[in-house]
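J.: Following is a predicted model, sequence given first.
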Amino acid sequence: MVDLTTTYLGLQLKNPLVTSASPLSKKVDLVHRLEDAGAAAVVMYSLFEEQINHEGRELDHYLNRGTETYAEARSYFPDLEFYNIGPGPYLEHLHRVKQAVDIPIIASLNGISTGGWIQYAQKMEQAGADALELNIYYLPTDPDLSGAELEEAYVRLVRDVRTRVRIPLALKLSPFFTSVPNIAKRCVQAGANALVLFNRFYQPDLDLEALEVVPNLKLSDSDELGIPLRWIAILYGHIHADFALTSGVHTAQDVLKAIMAGASVAMMTSELLARGMGRLTEILAELEEWMEKHEYQSIAQMQGSMSQRAVAEPAAFERANYMKALNSFDHRLP
């Protein structure tokens, strides 16, 4: 029988399937069902910086800007009295979930600025979180804000959170950096134990009849696997941190690709929202079947086996792949 166990954030997990931050963690019984279906760990839905600021009546700036969107949401900043359940109840819910299940529970903070709100990272640790995922979801709209300044803010935020908590810290990044390897390295040096690649920036749409900007939330599909797959394969072995692949994980094949690129875990939510939690059980069975057929004895054996460091043509992950892709269309020309 194959060994599906893996290690992520220093946590021993029974398999590499982790559910990413989503509404599936908003009820204790739903987390129970995720555990029963086979999830090795659950990332809680995010507590947003805007909610914490709201508690101190400091939200006007965010509500009036109208330029930011955020993950796990179907509209621009709603009435935060009703969105999620607020900072205090979030911590209580986190504690109840942790007490109810045996799998690790990873808390999630979503924000960008450093300061007093970071105290909630410490409160999440006190509530029982096994680890913390810091989701830096920021869309820069100020033309006077340089990339260097923004990157320094990211690093400072990681460093500040690291000083507040003892539990492992994962950092969820977007792919939109001039140098992904550099910002990854700097954030790990600042204290991140794992990198979650990548965040999805939900794009607004325009209602031409109402002349309004409207939210446009679309679930991911396997076609989105390419970008995180590529970067994990490039970074594996060069950045000394664990990797979680998120965005585009829908099948056992997607999970296998994530592990072979170098990820410790594959995170999914869209597939479960679309087709039900039972997909976890099905994917695990398919994963085990594939490994037995191809004579893999463990997840550890295959991890990183298709990373840039391990393949015969590492340049395929870089610019050479662009030329090959273009040349592949030559035979289709009339």
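T.: Yes, it's here.
J.: drop to CA atoms for contacts and neighbour counts, all remaining ones
T.: Will do.
J.: Can you list the buried residues in the helix or strand containing residue 253?
T.: Counting by DSSP states H and E, the element that carries residue 253 is helix 252-261. By neighbour count on 16 or more other CA atoms under 10 Å, the buried set for helix 252-261 is 252, 254, 255, 256, 257, 258, 259, 260, 261.
J.: What's the per-residue pLDDT of residue 88 here?
T.: pLDDT, the model's per-residue confidence, is 85 for residue 88.
J.: Number of residues surrounding it?
T.: Other residues within reach of residue 88, judged by other CA atoms under 10 Å, total 12.
J.: Quick check: which element contains it?
T.: Using DSSP H and E, residue 88 falls within helix 87-100.
J.: Please spell out which residues along stretch 6-14 are buried.
T.: Of all the residues in stretch 6-14, those buried under the rule 16+ other CA under 10 Å are 6, 7, 8, 9, 13, 14.
J.: residues touching the fourth one, list them.
T.: Translated: residue 9. Contacts for residue 9 (CA atoms under 8 Å, 6 or more residues apart in numbering) come out as 131, 168, 169, 170, 193, 194, 242.
J.: Please report the distance of it from residue 140.
T.: Distance of residue 9 to residue 140, given as CA to CA, to the nearest Å: 29 Å.
J.: Residues touching whichever strand or helix holds residue 156, excluding its own?
T.: Assigned by DSSP H and E, residue 156 falls within helix 147-164. The contact list for helix 147-164 (CA under 8 Å, 6+ apart) reads 112-114, 118-119, 121-122, 136, 169, 171, 183, 186-187, 190-192.
J.: Extract the CA atoms of the helix or strand just after it and return them as PDB.
T.: The first helix or strand that comes after helix 147-164 along the chain, using DSSP H and E, is strand 169-173. Extracted C-alpha coordinates of strand 169-173, given in PDB (Å, rounded to 0.1, in the frame of the first residue of the first chain):
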ATOM      1  CA  LEU A 169       3.600  30.800   9.000                       C
ATOM      2  CA  ALA A 170       2.600  30.300   5.300                       C
ATOM      3  CA  LEU A 171       2.500  33.200   2.900                       C
ATOM      4  CA  LYS A 172       0.000  33.300   0.000                       C
ATOM      5  CA  LEU A 173       1.400  35.400  -2.900                       C
END
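J.: Contact partners for the residue nearest the centre of the chain?
T.: Among the residues of the chain, residue 196 comes closest to the average C-alpha position under CA atoms, centre = their mean, at 4.5 Å. Residue 196 makes contact with 170, 171, 172, 173, 243, 244, 245, 246 under the criterion CA under 8 Å, 6+ apart.
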